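Student: Quick one, fold the following:
(chains A and B)
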Amino acid sequence: MKDIPNLGVGLMLKETSMSSYLKNQEKIDEICDIYEILVSKYFLGQNSSLDEIKGKITKPLLLHATWSSLGTDEEIEKKNLEELRNKLNSLVPLWWSDHLCFNGVKGIQTGTLLPPILTSHSKEIFIKKIKFLKKEFKIPFLIENVPFLFNPIGEIDYFSFITDIISETNSGIVLGIDNLVESKKFYNIDPFNFIDNLPLENIIQIHCPLEENKSTQYDEILEYISTKKEIKPRALIWQPKDEVLLDFNDEVVDKLKWSKNIFFEERESIGYNH
Amino acid sequence: MDTIINIQSFISHYLRNYEIRKTCKFKEKSVLFSKFNFSEIEIKLFNQIDFILLERLANKLQKERINNLKNNFHEFYNYLKEQNKEDIFRNFVNNDTGSLNPVKEIDRFYTYAKDYLNKTESTKYIKDLLDYTYNFTLVSKSKLTDSNNVIELDFAAPIYIKKPYKVFSLNYDVESFSMNNMSKEKPTYQKTYKMLIQKNYLEPTEIHFFEIEDDDNFFVFLEQGITPIDLIHKAYTSEQGNEWREQIIELYELNVIGH
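Tutor: Numbering: from 1, shown residues only, chains lettered A, B, ... in the order given. Down below sits the predicted model:
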């Protein structure tokens, strides 16, 4: 993953939130270096297809999916594979990502990202599928942690599990900060301890929600990653709600500048208070 | 054989199926081992599961599905709530393990609710409310498939109604009743009338509503994809023809119809 470019700070856009983005595109583009498109399996959006998105966004693009179900002990469903291929062909992202999880099994989906079963067979399933997808699409791939929606089950330690998958498949990690915080509602983990145990050099990208109420907690984790662990991701992607895109105020701009400063430039205070 | 598919299948069913959760809670676990064809390794994995956490997750997912359905069938839900009959949403989710594709789920709930209303001999009004919310949600969740009008209206070129749109019949004035926040007043019974709803091309978050008169074939002809000239010729009188001409111009400007 060494030849992956250093991209900077950007926003995740859902296919359905394009009209909100377009209302403030000029202002948003001024601060963002990159955009990541969250592609839905069931796109019921407004008036924008991926080709239109590609035509309207002038910055580099990434693609994020939630439904490959890489951990399911079955072949990837053909229609999902074709859907992924179409979306990747339309957007031509610099890299794409999905989760270290399973979503269900053939015939019954859960609608959520379930933690991987931690056995050696399960590890082989991930490795085989990621290798297949990399060969099939020829686009770099990253894998994101999911919330611990139930306790770890299996004989392998979570961190060896992810480290082995990353190294066997030559993939990178998306560190999902929201997913660390979300775990607290189910199987409580310490986000800082979790980060300490990851193969830090493989963290290529960070996902962080852009919202008011949990902001301080997220910022603390970001500061820890930047200052204490000195991680230098190639992309930090904020995940805004539509309201944030519609009201892209100075406070939001300051926050993005702050994150750009701590991860991508020499650290200087720019007066962002959180 | 080394496999985890059966334990993954169990977890998925547990999260979607109330009966499995009940079995897990109140019956011998061995019933599940044979039902899901667990290997020895999978039985070990099963025994590691913290069921307090798994149940918490199942409840959260169930609540999210119910809330989505309540939002999608908003006016129908509000009315049922007034009648203390909103359990229909929970009962549906408890018994349904079908696709989570939002449109498919909306379709299945519509069929389930219609069946429930027929069995409980519900009023025509509530059936209308169900039809109205169903069609409204389907249209609002569907993609715009055509582009906005950029050329002048050509009276010699075929016109069509832009998708997504739906035409359906109602007996009650559901629309104004629901717009008035479900006022306590009894909804007005009307003769059967048709309604056309369409996603607004100029403001895609909004919906156009058109009430179609019984004796008015204007929309029927519009659906045939003929030219404005041919459509106007189908009018019964020249007065009606002029009226239709004005309507075509207006609908074209609103992007309801296109070439």
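Student: ok, residues contacting the longest helix anywhere in chain B?
Tutor: In terms of residue count, the longest helix belonging to chain B (DSSP state H) is helix B:51-72. Applying C-beta atoms under 8 Å, 6 or more residues apart in numbering or on different chains, the contact partners of helix B:51-72 are A:110-112, A:149-151, A:185-187, B:11, B:14-16, B:21, B:24-25, B:77, B:86, B:89-90, B:92-94, B:102, B:105-106, B:109, B:133, B:137, B:141. C-beta here means a position set from N, CA and C on the backbone, and glycine is covered the same way.
Student: same thing with stretch A:76-90?
Tutor: A:39, A:41, A:49-51, A:54, A:63, A:65, A:67-70, A:96, A:106, A:129, A:132-133, A:136-137, A:139.
Student: out of these, who's near chain B?
Tutor: Among the contacts of stretch A:76-90, the residues lying close to chain B (C-beta under 8 Å from any C-beta of the partner chain) are residue A:41.
Student: Can you select the buried ones among the contacts of stretch A:76-90 for me in PyMOL?
Tutor: For the buried members of these, the matching PyMOL selection, counting by 16 or more other C-beta atoms under 10 Å in any protein chain shown, is:
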select buried, chain A and resi 39+41+50+63+65+67+68+69+70+96+129+133+137
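Student: So which of the contacts of stretch A:76-90 are in helices?
Tutor: Taking DSSP H as the definition of helices, the contacts of stretch A:76-90 contribute A:50-51, A:54, A:129, A:132-133, A:136-137.
Student: Quick check: chain neighbours aside, which residue is closest to residue B:228?
Tutor: Of all residues not flanking residue B:228 in the chain, residue B:155 sits nearest, at 4.4 Å (C-beta to C-beta, 6 or more residues apart in numbering or on different chains).
Student: so what's the backbone phi/psi at that neighbour?
Tutor: The phi and psi values for residue B:155, taken as degrees, to the nearest 10, are phi -70, psi -10.
Student: ok, how many other residues are close to it?
Tutor: If you count neighbours by other C-beta atoms under 10 Å in any protein chain shown, residue B:155 ends up with 15.
Student: related to what we said a few turns ago, among the contacts of helix B:51-72, the buried ones, what's the ChimeraX command?
Tutor: The ChimeraX command for the buried members of the contacts of helix B:51-72 (criterion: 16+ other C-beta under 10 Å) is given here:
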select /A:110,111,112,149,150,151,186,187 /B:11,14,15,16,21,24,77,86,89,92,93,94,102,105,106,109,133,137,141
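Student: Which of the contacts of helix B:51-72 fall within helices?
Tutor: Counted as lying in helices by DSSP H, out of these, are B:11, B:14-16, B:21, B:24-25, B:77, B:89-90, B:92-94, B:102, B:105-106, B:109, B:133, B:137, B:141.
Student: quick one: residue B:104 from chain A, how far?
Tutor: 9 Å (C-beta to the nearest C-beta, to the nearest Å).
Student: any weak-confidence spans in the chain?
Tutor: You didn't pick a chain, so chain A it is. For chain A, applying pLDDT under 70 flags the ranges A:42-49, A:213-214, A:266-274.
Student: nope, chain B please
Tutor: B:1, B:175-190, B:214-215.
Student: need the helices for it, in chain order.
Tutor: B:5-16, B:18-26, B:29-35, B:40-48, B:51-72, B:74-82, B:87-95, B:102-119, B:124-141, B:174-179, B:218-222, B:228-233, B:238-253.
Student: on that earlier part again, and the furthest pair within the ones in helices among the contacts of stretch A:76-90?
Tutor: Pairwise distances across those peak at 27.5 Å for A:51 and A:129 (criterion: C-beta to C-beta).
Student: Near chain B, which residues of chain A are found?
Tutor: A:19, A:41-47, A:71-74, A:102, A:104-105, A:108-112, A:114, A:117, A:119, A:121-122, A:125, A:149-151, A:153-154, A:185-187.
Student: The stretch 1-150 of chain B against chain A: which residues are in contact?
Tutor: For the stretch 1-150 of chain B, the residues in contact with chain A (C-beta under 8 Å from any C-beta) are B:2-5, B:7-9, B:11-13, B:15-16, B:41, B:45, B:48-50, B:53-54, B:56-57, B:60-61, B:64-65, B:97, B:99-103, B:141-144.
Student: Kindly recompute the last result at 6 Å.
Tutor: Within the stretch 1-150 of chain B, the residues that sit near chain A (C-beta under 6 Å from any C-beta of the partner chain) are B:2-5, B:8-9, B:12, B:15-16, B:45, B:48-50, B:53-54, B:57, B:97, B:100-102, B:141, B:144.
Student: just to revisit the earlier point, PyMOL command for the buried members of the residues of chain A next to chain B?
Tutor: Of those, the buried ones go into a single PyMOL selection, burial set by 16+ other C-beta under 10 Å:
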select buried, chain A and resi 19+41+45+47+71+72+73+102+104+105+108+109+110+111+112+114+117+119+122+125+149+150+151+153+154+186+187
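Student: Of the residues of chain A next to chain B, which belong to strands?
Tutor: Here DSSP state E is the test, and these give A:102, A:104-105, A:108-112, A:114 as lying in strands.
Student: Among those residues, which one lies nearest to residue B:124?
Tutor: So of these, ranked by how close each gets to residue B:124 (C-beta to C-beta), first place is residue A:111, at 34.5 Å.
Student: surely the closest one meets residue B:100?
Tutor: Yes - in this structure, residue A:111 is within contact of residue B:100 by C-beta atoms under 6 Å, at 4.6 Å.
Student: Excluding residues flanking it in the chain, which one is nearest residue B:110?
Tutor: residue B:134 (4.6 Å).
Student: The one you found: neighbouring residues, count only.
Tutor: 22.
Student: What of the one 5 residues further on?
Tutor: Residue B:139: 18 surrounding residues under other C-beta under 10 Å.
Student: list the contacts for it?
Tutor: B:164, B:166, B:197, B:199 (C-beta atoms under 6 Å, 6 or more residues apart in numbering or on different chains).
Student: Ramachandran angles for the first one?
Tutor: Spelled out, that is residue B:164. Main-chain dihedrals, residue B:164, degrees, to the nearest 10: phi -90, psi 140.
Student: For residue A:98, pull up the helix or strand it's in.
Tutor: Assigned by DSSP states H and E, residue A:98 falls within strand A:96-99.
Student: and if you look at residue A:238?
Tutor: strand A:235-240.
Student: Downstream of that strand, the next helix or strand is which one?
Tutor: Next element after strand A:235-240 (DSSP H and E): helix A:242-246.
Student: for that following helix, packing partners?
Tutor: When contacts are defined as 3 or more C-beta pairs under 6 Å, 6 or more residues apart in numbering or on different chains; DSSP states H and E, helix A:242-246 sits against helix A:18-23.
Student: Can you list the buried residues in whatever helix or strand comes next after the helix it packs on?
Tutor: The helix or strand immediately downstream of helix A:18-23 is helix A:25-31, counting by DSSP H and E. Using 16+ other C-beta under 10 Å as the test for burial, helix A:25-31 gives A:25, A:28, A:31.
Student: Next one: the residue nearest to the first one when sequence neighbours are not counted relative to chain B, how far apart?
Tutor: In other words, residue A:25. Take residue A:25 and drop its neighbours on the chain: the residue closest to it by C-beta to C-beta, 6+ apart is residue A:56, 7.6 Å away. Relative to chain B, residue A:56 is positioned 15 Å away (C-beta to the nearest C-beta).
Student: coming back round to it: how about the ones in helices among the contacts of stretch A:76-90 in a markdown table, adding distance to residue B:174?
Tutor: Listed next are those as a markdown table, based on distance: C-beta to C-beta, whole Å:
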| residue | distance to residue B:174 |
| --- | --- |
| A:50 | 37 |
| A:51 | 38 |
| A:54 | 41 |
| A:129 | 49 |
| A:132 | 51 |
| A:133 | 48 |
| A:136 | 50 |
| A:137 | 48 |
